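In: With the input below, show me the fold.
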Amino acid sequence: MTRALTLLGLAGLVLVGGCSKEEPAAPVIRPVLSMIVEPRPVTAEGFTGTIQPRYSRDLGFRVLGRIVARHVDIGQSVTAGQLLASLDPTALSLTVRSLEADLATAEAQLTNAASTAQRSQALLARRVGSQAELDTAQEAQATAAAALTRAKASLDKAREQLSYTQLLSETAGVVTAVGAEVGQTVTAGQTVSTIAQSDVREAVIDMPDEIAQRLAIGEAFDAILQVDPSVRASGRVREVAPEADAATRTRRVKITLDDPPPTLRIGTTVEMRAKDGDASRLDLPASALFDADGRHNVWVVDEAAKTVSRRPVELDGAIGETARIKSGLEVGTRVVTAGAHSLTEGQSVKLDGEILP
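Out: Numbering: from 1, shown residues only. As a prediction, this is how the structure comes out:
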């Protein structure tokens, strides 16, 4: 009886095992972070800066002397060729007058020597004079001519030195600094006035290091006058400091303005804002990239099917944690930005913010 029940139980197990089928494994749906590829400004923040000249000149006299007049003050606009300051010209004027007298003497000596040579030539032609006398007269004429040339050169040099007693502006601009006062004796080359050239102006700002290192030369910005937001000008990044300030962790950025209005004067305060992104340049987080088959790749999300596919891209460089895409992606494409190394071709994904069924 017991043996019969055992056989019956085994038969039942065989029947149950024959009727059951193994269920297929459910596909793994992996949550991912993603973003829509689109041109973006470097930052949406505004940064306060000041208008400064791109070119500035430190001007000084070329000769030693005592300043007797200064014709401009700080903040005054000047034109090219305008008189800025003057030295006492007395000593140099006397030198010029002395050399003018030397020049007159040299001219008279040359005239006399030339007349003597002509007389000697005429006497020799009539066989009254000798060849030696003619040679001596011609030599004296040549010496007098050389002395006249030297006197003219010395006078020209003295007149040029005298002109150096007047300091003239080399360009139009604004006086930003004064280095000497009336009555002061200055040496040659000592700065007397600093002229900021006003035709080329820049906005100078200090940006946080993490933002500044994402900037590219030529990045477009808008300059907005702080006291009157209706006054604006556009500009492009000309220079980014190679290193951040050790204390503030900021980098100095210089943005050259394109045809700024006169109200954006040197020294005024402006707010600088990045313009809309450049459609020819797309930036992605470096975490969106992975290497395969010797190329850089990203995972592109099919939003309808909720799957990913691999797409090769070409880079145009990287700045910090940002990769600059040169080709391979179009605006509006959704790309996985985190977890790229754990995905496979065609894998189902859950986009950030979605709820799994």
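In: Using the record, which stretches count as separate domains in the protein?
Out: 30-42+280-351, 46-54+198-273, 56-87+168-196, 90-163 (automatic domain parsing).
In: what's the single longest helix in this protein?
Out: Longest helix in the chain, counting residues (DSSP state H): helix 90-125.
In: so what's the spatially most central residue of the chain scoring on pLDDT?
Out: In the chain, the centroid-proximal residue (Cα atoms, centre = their mean) is R238; its distance is 3.1 Å. With respect to pLDDT, R238 scores 94.
In: Show me what the closest residue to E219 other than its chain neighbours is bridged to.
Out: Excluding the flanking residues, the one nearest E219 by Cβ to Cβ, 6 or more residues apart in numbering is V237, at 4.3 Å. Glycine gets a C-beta too; all of them are placed from N, C-alpha and C. With DSSP bridges as the criterion, V237 is bridged to I255.
In: Secondary structure element holding A151?
Out: Take DSSP states H and E as the rule and A151 turns out to sit in helix 131-163.
In: Quick check: M35 touching G332?
Out: No - using Cβ atoms under 8 Å, M35 is not in contact with G332; the gap is 11.3 Å.
In: Have a look at these two and say which one is more surrounded.
Out: Higher neighbour count among M35 and G332: M35, with 17 against 8, using other Cβ atoms under 10 Å.
In: Would you verify that that one is located in a helix?
Out: No - with DSSP: H, G, I helix; E, B strand; the rest coil as the criterion, M35 is strand rather than part of a helix.
In: and it, what does it touch?
Out: The contact partners of M35, taken as Cβ atoms under 8 Å, 6 or more residues apart in numbering, are 284-285, 288, 334-335, 337.
In: Show the buried residues in the residues you listed.
Out: 284, 288, 334-335, 337 (16 or more other Cβ atoms under 10 Å).
In: Show me which of those has the smallest pLDDT value.
Out: Of all the buried ones among the contacts of M35, the one the model is least sure of by pLDDT is L284, with 81.
In: My guess is that residue contacts V37. True?
Out: Yes - shown here, L284 and V37 form a contact pair, counting by Cβ under 8 Å, at 7.0 Å.
In: any common contacting residues for those two?
Out: 325, 329, 335.
In: SS state for A177?
Out: strand.
In: element containing the residue lying closest to it once chain neighbours are set aside?
Out: Nearest non-adjacent residue to A177, counting by Cβ to Cβ, 6+ apart: T194, 3.8 Å away. According to DSSP H and E, T194 maps onto strand 193-197.
In: now for that strand, which elements pack on it?
Out: Using 3 or more Cβ pairs under 8 Å, 6 or more residues apart in numbering; DSSP states H and E, the elements in contact with strand 193-197 are strand 46-53, strand 56-59, strand 173-178.
In: Can you list the strands that the last one pairs with?
Out: Just to be clear, that refers to strand 173-178. Here, using DSSP bridges, strand 173-178 pairs with strand 77-78 (antiparallel), strand 193-197 (antiparallel).
In: List the buried residues for the next helix or strand after the last one?
Out: Stepping forward along the backbone from strand 193-197, the first helix or strand reached (DSSP H and E) is strand 201-208. Neighbour-count burial for strand 201-208, with 16+ other Cβ under 10 Å as criterion, is recorded at 201-207.
In: Pull strand 201-208 out as CSV, backbone CA atoms only.
Out: The C-alpha trace of strand 201-208 is given here as CSV (Å, rounded to 0.1, in the frame of the first residue of the first chain):
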residue,chain,number,x,y,z
ARG,A,201,37.8,99.9,-25.3
GLU,A,202,37.5,96.7,-23.3
ALA,A,203,35.3,95.3,-20.5
VAL,A,204,37.5,93.7,-17.8
ILE,A,205,35.8,91.3,-15.4
ASP,A,206,36.9,88.7,-12.9
MET,A,207,35.1,85.4,-13.4
PRO,A,208,35.0,82.3,-11.2
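In: chain center to that strand, what's the gap?
Out: Computed by Cα atoms, centre = their mean, to the nearest Å, the chain-centroid distance of strand 201-208 equals 11 Å.
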